[in-house]
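In: structure, please.
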Amino acid sequence: MYAVVETGGKQYRVQKGSVFHVEKLPGNVGDSVQLDSVLLVAGDKFSVGTPYIPHTAILCKIKTQDRDKKIIVFRYKRREGFRKKIGHRQPYTELEVVDIDLAAKAKPAPVAAKVETKKEAAPKVAAAVSAPKTPEVKETKKVAKQEAAPVKKKTSALKVPKAQAKTTKKPTSKPKK
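Out: Down below sits the predicted model:
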């Protein structure tokens, strides 16, 4: 029996006992991981998900948390003397498939916790909105607007007044008769 599972934006074909590298997953060596996004299961019966197969999971064990071999990134621009050399090592997690579970339980607990926090926050907001506003606050805002003096625009010293700009004569190309 084998399955196709999606993790880290990539798809992997796995079977029981196989070892494969995926993008870095949280966890320590020896921890178990459950991959829920199963796209296809083949074996005794063949099933394809739309896009995922419900209540199906791949149970894995983390073998290593490591970084891949170094990739050299060399950038340059010709005839400009620009050269830049950078190395990069991509972190990965090595998983070993323990079992392909066709009757896995869903994980609704985190979703329920988020809903409860929103319901608790709603009454507090409603109480704050229903509180009457005091007229003193409105009056202080009006007084502050009246006391504020209008801001004058700054003029630049480099600008030439319009009167002087009109007095300069432009040279003409045709001589007067």
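In: rest of the way, CA atoms for contacts and neighbours
Out: Fine.
In: my guess is residue 30 contacts residue 63, does it?
Out: Yes - assessed by C-alpha atoms under 8 Å, residue 30 is found in contact with residue 63 at 6.2 Å.
In: the more surrounded of the two?
Out: Between residue 30 and residue 63, counted using other C-alpha atoms under 10 Å, the more crowded position is residue 63 (18 against 12).
In: return the helix or strand in this structure with minimum mean pLDDT.
Out: helix 109-130 (a mean of 50; mean pLDDT, DSSP states H and E).
In: name the nearest residue to residue 13, ignoring sequence neighbours.
Out: Computed as C-alpha to C-alpha, 6 or more residues apart in numbering, the closest residue to residue 13 that is not its neighbour in sequence is residue 4, at 4.4 Å.
In: which ones are touching the one you found?
Out: By C-alpha atoms under 8 Å, 6 or more residues apart in numbering, the contact set of residue 4 is 11, 12, 13, 14, 38, 39, 40, 41.
In: next up, identify which helix or strand it is on.
Out: Using DSSP states H and E, residue 4 falls within strand 2-7.
In: and that strand, which strands flank it?
Out: strand 10-15 (antiparallel), strand 38-42 (antiparallel) (DSSP bridges).
In: buried set for it?
Out: Along strand 2-7, the positions that meet the burial threshold by neighbour count (16 or more other C-alpha atoms under 10 Å) are 3, 4, 5, 6.
In: out of the residues you listed, flag the one nearest to residue 100.
Out: Closest to residue 100 out of the buried residues of strand 2-7 is residue 3 (7.7 Å), distances taken as C-alpha to C-alpha.
In: from what I see, the closest one and residue 11 are in contact.
Out: No - distance between residue 3 and residue 11: 10.1 Å, which falls outside the contact criterion (C-alpha under 8 Å).
In: my guess is residue 17 contacts residue 98. True?
Out: Yes - the pair residue 17 and residue 98 qualifies as a contact (C-alpha under 8 Å) at a distance of 6.1 Å.
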